[in-house]
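>>> heads up, no residue letters with this:
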């Protein structure tokens, strides 16, 4: 039928096929026939063919490729719906070969005119990611772009993609935070849920806890209080909520009125986790409303209410009656409601609660009755006033006809009695009588334990019970047998006259029991209590061992510690971590910089503009810059650079001349590192430059650091900044020998790659050559002789050293243009008397110079350098090599690259340009906390890339 | 997000499956069947079942289990809410949501599901949008179905029947539900009123409607259809919205707890078991209490009798009654209550010989309906339309129903 020309027949055929699929029957044999119709004009047929394709393409990859061109054509269609559906199907057929096509299509669709198509693009992102996770970086770029989208249609979907692809890149949210908050109410419900839960996590990392009142440091207060901060001493200030935090709370509140239970729950958890105590109450009403919904919804909501009610009892107290149980509720709901009721019980409402419980006990649902009895027990332990009432009530239950009820009561009574045994001899006697009738093993065991424990209160009955139990010993359950042995042992110790024989008898019986636990216990008990020669020491203490006062058990809710899981999550419901669960982070000690959320004209280029802004003082976000600047100053002050720096108030406004000069100093340092510097002769100056070239780098780290400037500042003050050491001259490959002193007849020559731009020619690598004279005669006329160089390589010789006295050493700088290759530069080193053939072979990492770029630029460039120019290697970082410092240090030691700011904590980015051709070298290291890592190098120069990967991997894994 | 969906009927057959990502073998449902067996009753199946590789989230409606398979962390309510939305959509499409209907329309169902989720994330869930994408089965066919005696379940929207057909119209139906627990002696333990306003709008153009109440203060807690402008409600207590076409739930509300709830019916009961004899006495009478002059209709009394009850011989003064000796469910369809002649049901219960008397007297569940009355006292002031020139038909109806109305005996 599919081969006919009639659309109606085709449609009928497709309908049958789809019906087969829906019933779970295999229809994959028809694939070739169906795929032919992908270009069918009839929209109805087309839709069904799409349905079929999505289902079976994964199994028939080769044939599925036949359809790709149709979709590619569809992507260009003027009709937005067709574009969207083409993209949807294209991204839904899980065929790895078409990953590049998908990537291209997504990128294009992300900038489509129609928001609907953009939404589809956002949907396609996680699909592609699950197909090929290597595309992550490119996808993140698309996500970033879509996050900036202003339509509500896109917002939910892109946040969903964000959560699935890169939930750790919280930095992408900063700029969109306020927009998302404001759009939230208009986003469709499903998107709301996703956005809210993402924002909950975001807020946990970005704002201060509203409940810790004393933690109000200056950093906590956000831009609004900036002025106050300038005058204030670091005295403790009352907590002021960040306006952005407030914005989130304010904008989510109306959503409590949503018709969707999922949205209400999402807002509720947001409030529970983020709102000040006084405001959390508003969610109670909405949650109680959800209790009138379907039973599945009730189930989930009650679980969450149970957790909340432990922490915040007051919140739900007014709604106590809403948790009353109806006989028509399913058992699982009943038990959850019971849990909530128990949590809510307090001194004041306990009479009503207990009255309710009494009705429940008469229910026909026995599981529920058992749970009620336990609930009564918990109320009794929690509220001392009603303990006796509860106990009496439970004792009355002992005469209940249902054995399960009695058994459960016994167990609970046992627990209650343990708390105050003295007065309850009567109850124990009553229980003792029950041993004749009650058969449930757990209850029997509990009674025996009670009698044993408090045998002094019931001296007459206890031996009698033991006698009875001895008689029926063989017929008992294991758990009861163990308690019989216990009882016997305890009685033997307190009242050995009457029970000696009985005990012996019980122990003998136990000795031949089938269960080895019981045999062991019997042997152990016998050794302990029956005095013998060897066991003397222990048996003297037997009484202490057996009759030691035991702590009363604590009856507590199983929901006690569940709130460490994010409420409303699957993990919380299961009380176990589900796959893909994102921990809810703890509140930060100090609030990160609030102004990262400021949206500016410069948009994505902000990080990059920082330095320029510093110099020109034109940036609108003065506060932020100032903080950065002051961070830099703090650094300078500590490293003893200028006397004026320590006097600098970190928060002085930008008009302050001091800070002006500070940023000036920074700008000069910026230029110093960016271009070549002229004088680099003395070690001293090199050192200086090493530091100054470091300062913009600090800036970068500062800017990207989510933990906040405050902590960074603190870090700088506590010790020498670690990155400083990384890039000090000579940190490259270390000293290499050029000429051994034996071969050189007393002249020893070493060289290092200084990583300074070479003054004469920016394409040259500057090499420091250290000469030392270990002979006893001066060496004269040191110079470079006729070099024999491979094509392209050139050398800038160092000025002739006239004389080197014995025991002295000196350094000269020469430049070599290696022409972006690792070929050795061979040349002659001549003295007046001798010529030495030497060669310098550069490690690949020295052939480049760092470039500073923003994350965005980095990604943009990286996006251009894919395919052949991308080299990826997987590696495992050894334990010693997982901290930020070490990784950065190792990478920068191997290669002369600059760090690129990066939001994700376990991702490192570096960028540089090769010296001769100026091609970009981008290095990305994605390190998982587990140690697995992936190294990616993007460079036009594939040879350099490959070698660099090899070197870096070697350095990192050593 | 949502990986796959399985539809399972009460006898445990998977009669529909849909995968939004890679195919998940239907053997995953074995875990569900296991849980189902353990739970004995359908509504006791836990909504969330963890399995080694997946999580099964299920919803039970219309005697069908909708089982969603997910693999990673996702808010459970998100999935549950979605499943309920699926059921609502089916209901909207086919009038009823039952196994035979789904089987008959399997292609449409499949297409709808395809449209509702993309890669497991909800795409289009509003039924008016869906209906544009996928045509519901033609009216002709539904008519045929009804003529041929297809069983018709309770459609939860009673609206369109009273609205004039073929005319631009908008109507709203305010429904109050009374949830109550009445204790043995007839005093109220808890009682609360909640309600909804269902709207049916058949207007052309972009009508902008506002609906105002006489007494908006009554509404304690509300939740809105997404079309309602929340700001307007906050400031003026007016519902302002541009309605979607067709039926939708405009508003759900809860009436503040401070207001005393008028209980419109009372139940006099006398149920007693005696230890010695194998016969128990059973007598209940239903009467109107505070009905504000309206008649109570559609009264149905149900009660789950204790296990020990073997059979009952009862005579009703009106209506019909049934007793299922297997499930021990007594149900009495009373109909209208005539205040002059109160309906009663009297008789004896035969108990299992030798068994001790049951601990608990059964609870009585009551259903009833009062037309033309919102027991909460909620009144719509006016419904205005802006933005369009024509004058549509406007109507509002009130109704009170019993929600979960229980009498403990």
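That came in fine, so what should we check first? Everything numeric here is computed off the predicted structure, so don't read it as measured data.

>>> now the helices for chain B?
B:29-39, B:76-94, B:99-104, B:106-116, B:127-133, B:139-147, B:230-236 (DSSP state H).

>>> Of all the ones you listed, which one is nearest residue A:496?
Proximity to residue A:496, assessed across the helices of chain B by Cβ to Cβ, is greatest for helix B:29-39 (49.2 Å). Placement of C-beta: from N, CA and C, glycine included.

>>> for the closest one, packing partners?
Judged by 3 or more Cβ pairs under 8 Å, 6 or more residues apart in numbering or on different chains; DSSP states H and E, helix B:29-39 is in contact with strand B:2-9, strand B:48-50, strand B:55-61, strand B:64-70.

>>> Of all these, which one is nearest residue A:577?
Minimum separation from residue A:577 across the helices and strands packed on helix B:29-39 (Cβ to Cβ) falls at strand B:48-50, 11.1 Å.

>>> Neighbouring strands - and their directions - for that closest one?
strand B:55-61 (antiparallel) (DSSP bridges).

>>> Let me know the angle separating the partner strand from strand B:2-9.
40 degrees (axes from the mean of the first three to the mean of the last three Cα atoms, to 10 degrees).

>>> can you give me the mean pLDDT across strand B:55-61?
What strand B:55-61 shows for mean pLDDT is 89.

>>> just stretch A:769-776 next, same as before
Stretch A:769-776 comes out at a mean pLDDT of 81.

>>> contact partners of that stretch?
Here stretch A:769-776 makes contact (Cβ atoms under 8 Å, 6 or more residues apart in numbering or on different chains) with A:735, A:738, A:741, A:745-752, A:779, A:782, A:798, A:801, A:804-814.

>>> Get me the contact residues on the stretch 201-350 of chain B for chain A.
Within the stretch 201-350 of chain B, the residues that sit near chain A (Cβ under 8 Å from any Cβ of the partner chain) are B:220-226, B:230, B:234, B:249, B:252, B:254, B:257, B:304, B:306-307.

>>> Closest one of these to residue A:25?
Comparing these against residue A:25 with Cβ to Cβ places residue B:249 closest, at 37.5 Å.

>>> Could you report the neighbour count for that closest one?
The tally of other residues near residue B:249 (other Cβ atoms under 10 Å in any protein chain shown) stands at 16.

>>> Which pLDDT value belongs to it?
84.

>>> shouldn't it be in contact with residue B:175?
No. Between residue B:249 and residue B:175 there is no contact under Cβ atoms under 8 Å: 10.0 Å.

>>> Overlap in contacts, the two.
By Cβ under 8 Å, 6+ apart, the residues touching both residue B:249 and residue B:175 are B:196, B:197, B:198.

>>> so where is the stretch 201-350 of chain A shaky, pLDDT-wise?
A:211-239 (pLDDT under 70).

>>> Please read the previous query as pertaining to chain B.
B:138-168, B:256-260, B:275-277, B:353-360.

>>> domain ranges for it?
What the TED database lists as the domains of chain B is B:2-133, B:169-261+B:373-407, B:265-371.

>>> What does the residue lying farthest from the centre of chain A show for phi and psi?
Relative to the C-alpha centroid of chain A, counting by Cα atoms, centre = their mean, residue A:833 is the outermost residue, at 66.6 Å. Backbone torsions of residue A:833, given as degrees, to the nearest 10, read phi -100, psi -30.

>>> any idea how far chain B is from it?
Counting by Cβ to the nearest Cβ, to the nearest Å, the gap from residue A:833 to chain B is 76 Å.

>>> Over to residue A:153?
11 Å.

>>> Surely that residue is in contact with residue A:117?
No. Contact criterion Cβ under 8 Å: residue A:153 and residue A:117 do not qualify, at 10.0 Å.

>>> about what we covered before: among the domains of chain B, show me which one is buried the most.
Greatest average neighbour count among these goes to domain B:2-133 (a mean of 20), per mean count of other Cβ atoms under 10 Å in any protein chain shown.

>>> Now the terminal residues of that domain, how far apart.
Using Cα to Cα, to the nearest Å, the end-to-end distance of domain B:2-133 comes to 21 Å.

>>> same deal with stretch A:355-366?
End-to-end distance for stretch A:355-366, by Cα to Cα: 18 Å.

>>> per-residue confidence averaged over it?
On average, stretch A:355-366 scores 81.

>>> buried ones in that stretch?
A:356, A:357, A:359, A:360, A:361, A:363, A:364, A:365 (16 or more other Cβ atoms under 10 Å in any protein chain shown).
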